[in-house]
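> Build me a structure from this.
(chains A, B, C and D)
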Number of protein chains: 2
Amino acid sequence: MGASKSEFFSEQQNELASLFKAISHPARVAIIEYLLKVDSCICGDIVNELPLAQPTVSQHLKELKNVGIIKGNIEGTAICYCLNPETMKKLENYFSGISNELKSKCC
Amino acid sequence: MGASKSEFFSEQQNELASLFKAISHPARVAIIEYLLKVDSCICGDIVNELPLAQPTVSQHLKELKNVGIIKGNIEGTAICYCLNPETMKKLENYFSGISNELKSKCC
DNA sequence: TTTGTTTATCGTAATATTGCAATATAAAAA
DNA sequence: TTTTTATATTGCAATATTACGATAAACAAA
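Next up, the predicted model:
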């Protein structure tokens, strides 16, 4: 074995897991933090900011884009990346929903 | 290589990535969902609920506990697990903080 | 002490992720 | 057209994760 048994879980559970997996790497957390600071930037800016090679940054951006955490707009030869507010709101709502239901006590 | 270059990122970035990694698997999302529904339960209840063997569930619970997403209290031979409200609040605050800063537009 | 119950750990096979050099692609500039 | 600039893709080695059978550990009850 070794493969995750994702087919046994709901679509929503798998989608949430995919979102969290996308931000489960410190480089991708750092990219989010940087995008929040500068509003938007191109891939090369992130390569200069992080201690990673260009193909590695490109790969991280692809994973963030695949799950909708960031958006990319073509601008000439460059691509302008920014955070996707809708996804951030979705994640905020997920945890606020849990927190609100958690008035109860532990065992 | 292959190992994540976590030593180049901040402690906070690594801690957030660890939290997200803990919930980046559909089984662990399902465990959170189940704990939210039943308030608290023992490991065996989760084994009955999920399509996974007991050692696998035990391993998933360990990962959730290591990062403080759940708490476990010994009750005789069993261990009673529940969600940790503080961690849920921390995650809610992380995303609401991002959402609030994101009034700006994309590129 | 022996038995039953519950959970954790070990060992291992299958699979997935990470990082980057090399290279390809695409569009603008010369 | 050729060159430059910016990003993506390929291929591969190193490492990490996932799942579970077998087994151990811890405790209560008989």
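
> Now do A:S99 against DNA strand D, distance only.
Applying C-beta to the nearest atom of the strand, to the nearest Å, the value for A:S99 to DNA strand D is 24 Å. (Each C-beta comes from the backbone N, C-alpha and C, glycine too.)

> contacting residues around that residue?
Counting by C-beta atoms under 8 Å, 6 or more residues apart in numbering or on different chains, A:S99 touches B:85, B:88-89, B:92.

> Which ones among those map onto helices?
B:85, B:88-89, B:92 (DSSP state H).

> In the residues you listed, find the pair that's most separated.
B:P85 and B:E92 (10.2 Å; C-beta to C-beta).

> Pull the residues that contact stretch A:10-26.
A:6, A:9, A:28-29, A:32, A:60, A:63-64, A:66-69, A:87, A:90-91, A:94, B:4, B:6, B:9-10, B:13-14, B:16-18, B:20-21, B:23-26, B:28-30, B:33.

> Of these, which ones also sit close to DNA strand C?
A:60, A:63, B:4 (C-beta under 7 Å from any atom of the strand).

> and DNA strand D, which of the residues you listed reach it?
The subset of these within reach of DNA strand D, by C-beta under 7 Å from any atom of the strand, is B:S4.

> ChimeraX command for the buried members of the ones next to DNA strand C among the contacts of stretch A:10-26?
In ChimeraX syntax, the buried subset of those is picked out as below (16 or more other C-beta atoms under 10 Å in any protein chain shown):
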select /A:60,63
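
> Which of the ones in helices among the contacts of A:S99 has the largest number of neighbours?
By neighbour count, taken as other C-beta atoms under 10 Å in any protein chain shown, the most surrounded of the ones in helices among the contacts of A:S99 turns out to be B:M88 (22 neighbours).

> hang on, that one packs against A:N100?
No: look at B:M88 against A:N100 with C-beta atoms under 8 Å: they stay out of range, at 9.7 Å.
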